[in-house]
Each structure stands twice: as structure tokens, then as C-alpha cells.
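> Quick one, fold the following:
(2 chains)
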Amino acid sequence: MRYSMRGVAILLGSAMAAGLLTGCASSGAEEGGGELRILANITPVLTKQYYENLVQPWVAQNKGVKVTIEVPSAEDVQATLQQELASGDVPDIVASNLDPVVAPQLLAFPEEDWVLDTPLVQENKVGGKIWQVATGAQIQSLVFYNKKAFADAGIDGPPASLEEFTQDLKALKKAGYLPLQTAGEWVTGAQFAMLANPQLLGSGDFYAQRNAGTATFAASPYKNYLDAYAGWIADGLVDRDALGLKYQDSIDGFTSGKAATYVIGNWIVPSIDEAAPSFDVGVFAAPSLDGRPAGQLGGPAQPYSILQASKHKDLALSLVKYLVSDKTAVTASLASEGNFRQEHPYKGSPLNQQVAAIHDAAPRLVLGTSGPTIPGGFGDELNKQVQALYVGTAPAKAAAALDSWWDLNAG
Amino acid sequence: MPASNTRAGAAGAAPATRRVRGARLDLLTDTVMIAPALALVTLFVLVPIAIAVYLSLTNWDGFTIPPSWVGTRNYERLVQDPEVLRAAGFTAVIAVVGTIACNALGLGIAVLLNRSNRVTTVMRVLVFSPYVIGPVILGFLWASILGSNGAVNALLTGFGVERLPFLADPVWATATTVVVIIWASFGVNVVLYLAGLQTIDASLLEAAVIDGAGPWQTFWRVKLPVLAPTVTLNVVLAAIGLLRVYELVLALTAGGPAGATQTSVFTILTTSFSRSQLGYGAAQSVVLMIAIIAMTVVVTQLRRRGEQAVAA
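Numbers count the residues shown, from 1 in each chain, chains lettered A, B, ... in the order given. Predicted coordinates:
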């Protein structure tokens, strides 16, 4: 039988196109007792080695149990978990913040003391179910700054309002510094949310109002912050090529002394302390629109969830209990990112203590870009629209695009 | 009926019966031989396609069983979704520019390397190596070279030249991504063209030389026509591969800046898994699959004339 090259090509094309659709078809949960798989959020601080060291004492107490740390294979932990759920090949434990959309797939933690003592446990319930337990709490609406740069620019105190912050950034530029350190990847949108969300959510649950159709991004505080951000780009107060930088580049840019300010969560403190910059680092709460103290974007730090499909639920529960309640494990976790937890004090650095003071003074904690009332992927879309400002998109158009996206993806 | 005719008829009927039996036996043999492959194709290709088509008509979130039927709503949505349309446009650019470039480079370099010596052996390995290394590693590698703080910009600023926004500006990032994808892909085309060149009958080339043809004429009038089936295969394979690009983009730009380098597969995976809209993602997959099949058919039909000319 003879086949033409054309026939082979068509067959190949069809088969490879079909391959696109078969990617989700594989399955096969891992057998083999005594092995726990942890899908973990990996960062410059929370490395694979960090998790391995963290679980090592528990492994030593549980002979014959092997713990494997898995790195996300997709964009992030959330996307990786959802791919694994679709394929049926799931880990036992997830060590990361997750979108509540996956809560039905996760084990309900028992309402025992060790669970109820974890931070934000009540606030994080979905439908009354405790689906993740945190090691600590974190805050993110923080502006770390180079004290020498502020002195060089003649700035005598941290700004309270967005307008004052913009004026300070201009002064820092005149003093020869890159005023505000940003980066591409997820950093652009995350920094924006850290600055703007306390104001967005300061007077109630904006996201619920947006779902009800009684509020829009175009007429929200986001518009004010988008206007301010576009002004920073136009005035050269941020690096116009910042979208070509990775997250680690932004850390290096600040700790090298080149950039004067850096908006980021408290987890950066150990990295700054380790880098031991040649200048003093200070920190202040993100400025508000009117200069009055706003809340802090915050949430659970280093949380853990257990998959309902886990074949080793008891072992997984035992390990998670150890991670969120053992004094040594909790202290190591808190110190790794400078997180907080009552009744688990640890000796932090001076910078860590400054952050703790801001944490204690914050009038409230507000949500980030994921939660029960927020469509999945909103954080990515916010990131995209903030990045669009760098290429000349008008703030009003970016805000309108957020509304369009919400309408298309909500419900 | 005369006896002789009867005998002749019987004699004629016997071979006919044998032919029918033979044909039936051939059919049975063919069926038995093809059955395992057919079963595998059905199980691993046709059934998943059917499932994907079904899911594309639902609003499945990946968890809720059974999914809710939404009819053609996902398809109506995707033709209005600016993100999907922009990703489709970028993917089309990658496929068209990449297919032309991969084949032009692949054929050109294959002709240059179609001789045996140490230099060409080393060059073949070097040219093919990006294809072997893997897209994720290549993506991170090029990001560290072309990022705003990357090696190239460090060199430029070292010489007092302003940085170039390879990955920071949407237009630059689009061009950079296409070039890196081509660089990472064309090695396999070189290998396929080399294999094709080495099957050309030496007597054809000798005859061309005797007839006074120069290297350029030999290439256009002899080598290229003989390579027609190889060209078809290369064009189809390159286009299919380029329409499915994902990992390299994820590692190089993560779809940025401002979503400028999101490909169709990138959008499918983001929609399906980051947003828990597997039904909508399945609809995008089905459309991409149809586009790939249509492209394959069109390309092979267009190439048919060239191949027929060679055969004649």
C-alpha cells in the first residue's frame, strides 16, 4: 500500500492537533504508602531546600515516611494544582496561598485547638469550612526605602498621601536615584494592589459591589492610583524598561542602592537583611489618597491545604499539624519571611520590628486580588493593565478594561 | 448449454471465486493488522477529542460534575474576547514568520552543511543543539541575556549606549520572542533537509554538471524540485510546532509585557487552569485544533502542484 507524503502530512497534522486536546487525559494517582507529596510555592527565600529542612524533624520522627517537595510545573502553584486535579494526579499537601475556587477539593480541617489557633482561620473559611491553615500572617502595603537617598533628596519624613509620595519620588529623581523600583512578571500588578487595595477596600467589600453591579473600577480609587502610576511613568519616576526585569532583579536593584523605594510585602525583610546593604533601610505604610492611615493588604502566610483525594490523609494531617503548631517549625517559618503570629515571638531584625509596628498600627487588613468573590485570574489581568500603562495606555482605558474583563469572567 | 461452455464457465468461475476469497482474506488481514492501531487512536485521540468538544459546550470549572450545558456560548464568547483574538494574532505571526524563516534557514544551512568534514559535523551538532536543550531552559537563558539587566544591555551600557527594550516593550518583545522561537526551532528543519539532500541521486547532479549547470542552477533546477516532498513535510511540521508554542514563551516573557506575547496555547492554559474555565478553554482548544487541521490541508494542497511537477 502506498501513501503520499501529503496524506502523511495531513495525518500528522491531525494527530498533533489532537494532541492538544489529549494533554489532560493522563491520570494515575501515586500508590506506595508512606510517601507524601507537597506542591510548594517556590521563591528566592522559600526554596526546595527550605521546605526539605522544615519537614526534616517530622520525617525523622516518622520512620519510613518519605516527603517529596514538588515545584510548580505551570505558571504558578494554583495553575499546577488545577492541572493536576484535572489529570487526577494530585499531591497530598499544597504549601501556598490558593484561590478559594479549589476549596471544595480540599480537606476540611478538624475544629481542634491546633487548627483554631492558626492566624486568620475564621476569616479564611469558605462556606464554613476550614480549607487551609496558615503558619503566620503577613502584610504587604509597605514601602521600603533607602534612608540615605531620602536624606540626599532632602526628604525629612515618610509621605502619608499619594500626592506627597509623588513629590518625594520627584525629589529622589533629582537627587540621582531611580525613585521607585518595579519589575515585570507578576511584580507590576502586585505592587499596584499593595498600594491601591487598602483604599479600594477601605469602605466595604468593593468586589462584592462590583459583582452586584453597583461599583466599577473606572469610578473607584483604582482610577486615582492608575492616574498616579501613569504620571510616574511619564515623569521617569519608574524605569521605563522595568517590564524586562525579573522579580529577583527588583530585589537586587533596591539592595544595591540604585533605587530609593521598593513597594513589597514583609517577606522581603530577610532578603534585605541578608543582602546587608551599605545604607540604612526604613519602611513606611503605603500612602493613602487623603493621607489618613489606611489598612494593610494582608493575608495568611505560608498556609497549608490537604487534598481530599490524598491517599494519606492522616499522615498529611500529622505533618501539617507539625508545621503550623510545633514551636521550632513555626518560628523557623515566621523568621524565614518576617511574618507574624501572636504567642510565637521571635527575635527579628530592626527592620522586622519596624514592619511589626506598622502591622500593629494598621486599622484593618484587606484582601488582595483573589478571594471568594473575585473571579479567578483577576490578579493576572490587573498585572496586564498596569503593565499596559508603560506602553501608553490611558489610565481610564486600563480601568475600563478591568471592568470589561470582570464582566466577561465573573459569574 | 454446451458442455464445453459449461467447463469453460466453471473454469472461469474458479479464479473469480479465488479472487473474491483472496480479497476477503486481504480485507481480514488488513483489518486485523490495523485494529490495534485503530483502537489506540480511538482511545487516545478520538475519545479525548470528543470529550473536549463536549466540554467546550459546557461551563465546566474542572471540578463540578456534571458540567452545565451552555451550547455554543463559549464559541460566541471567544470571537469577542480581545485576549483570545490578540493571542490568535500573535500565534499567526509566529506561525507564518517562523515557518518561512525555519524553512529558509533550515534549507540554506543544510545545503552549506551537506558535506562531510569535521567542521560541518561540529556545525550540525551546534545547529541542532537548541532543539535538544528544551524550551524552558532556552527561555530562561535568553531572558538572562536579553532582559533589561541582561548581558547584552550590560554590554551596551558599558559602552555608553542606551539599553534596548528587548523584553520590556511590546513591539520589541514580540520581535524578540519570534526570533528566539525560530532560533530554537530551525535545527530540526536542518536535519530533515540534510536527510533529503543526501537522498538525491548523485547521477542527477553529475548530469546537471555535464549539461553546464552552475551551483545556483543545480540548486534551483535539480535539488529543490527533488526535495519537494521534504519541503512539504518541513512546512507542515514547522507550522504545527509554531502554532503550539507555550513553554518557551512562559520562560522568556511569561506572556508579557502587558500580555503582548501571549500565544493561543498560553491563553488556553491560563483560561483553563488559572481561571478554572475549562469549558471555555476547551472551546479555544477545539478552534485551534480545527485551525491546525485546516492549515495542514491547505498547505499540503498548495504543495501538491509542486510535487506533481517533479513527478512529471
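> Go through the longest helix seen in chain B and flag the buried ones.
Scanning chain B for the longest helix, with DSSP state H as the assignment, gives helix B:3-41. Of the residues in helix B:3-41, those buried under the neighbour-count criterion (16 or more other Cβ atoms under 10 Å in any protein chain shown) are B:Val41. Backbone N, C-alpha and C define where each C-beta goes, glycine included.
> next structured bit after it?
Beyond helix B:3-41 on the C-terminal side, the first helix or strand identified by DSSP states H and E is helix B:47-56.
> pLDDT below threshold where in the stretch 1-150 of chain A?
Under the criterion of pLDDT under 70, the regions of the stretch 1-150 of chain A flagged as low confidence span A:1-33.
> can you do 50?
A:1-3, A:5, A:8-13, A:16-32 (pLDDT under 50).
> can you pull out the helices in it?
The residue ranges that make up the helices of the stretch 1-150 of chain A, judged by DSSP state H, counting those that start in this stretch, are A:5-22, A:48-61, A:77-87, A:113-116, A:147-152.
> Next: the stretch 251-400 of chain A.
Chain-ordered helices for the stretch 251-400 of chain A, with DSSP H, counting those that start in this stretch as the definition, fall at A:269-275, A:313-325, A:327-337, A:350-361, A:378-390, A:395-409.
> ok so, going back, what mean pLDDT does the longest helix of chain B have?
Taken as a whole, helix B:3-41 has a mean pLDDT of 78.
> Please state the backbone phi and psi of the residue nearest to B:Thr263 when sequence neighbours are not counted?
When the adjacent residues along the chain are set aside, B:Thr263 lies closest to B:Thr91, with 4.8 Å between them (Cβ to Cβ, 6 or more residues apart in numbering or on different chains). Per-residue torsions, B:Thr91: phi -60, psi -40 (degrees, to the nearest 10).
> starting at the chain centroid, how far to stretch A:37-49?
A distance of 14 Å separates the C-alpha centroid of stretch A:37-49 from that of its chain, computed with Cα atoms, centre = their mean, to the nearest Å.
> quick one: terminal-to-terminal distance for it?
Between the start and the finish of stretch A:37-49 there is a gap of 15 Å, counting by Cα to Cα, to the nearest Å.
> ok, and what's touching that stretch?
Residues from elsewhere that reach stretch A:37-49, judged by Cβ atoms under 8 Å, 6 or more residues apart in numbering or on different chains: A:30, A:51, A:55, A:67-72, A:76-77, A:80-81, A:84, A:91-97, A:247-248, A:251, A:267, A:270-271, A:302, A:336-337.
> check contacts around residue 265.
You didn't pick a chain, so chain A it is. Counting by Cβ under 8 Å, 6+ apart, A:Gly265 makes contact with A:138-140, A:142, A:194, A:297.
> should've been chain B
Applying Cβ under 8 Å, 6+ apart, one finds that B:Val265 lies in contact with A:20, B:91, B:244-246, B:288.
> between the residues you listed, which is closest to A:Arg341?
Taking Cβ to Cβ as the measure, A:Arg341 sits nearest to B:Tyr246 out of the contacts of B:Val265, at 39.6 Å.
> Distance from the chain centre to whichever strand or helix holds B:Val231, please.
With secondary structure defined by DSSP H and E, B:Val231 is part of helix B:228-243. Centroid separation between helix B:228-243 and its chain, computed with Cα atoms, centre = their mean, is 6 Å.
> In it, which residues are buried?
By 16+ other Cβ under 10 Å, the buried positions in helix B:228-243 come out as B:228-243.
> Quick one: name whatever helix or strand follows that helix.
The helix or strand immediately downstream of helix B:228-243 is helix B:247-252, counting by DSSP H and E.
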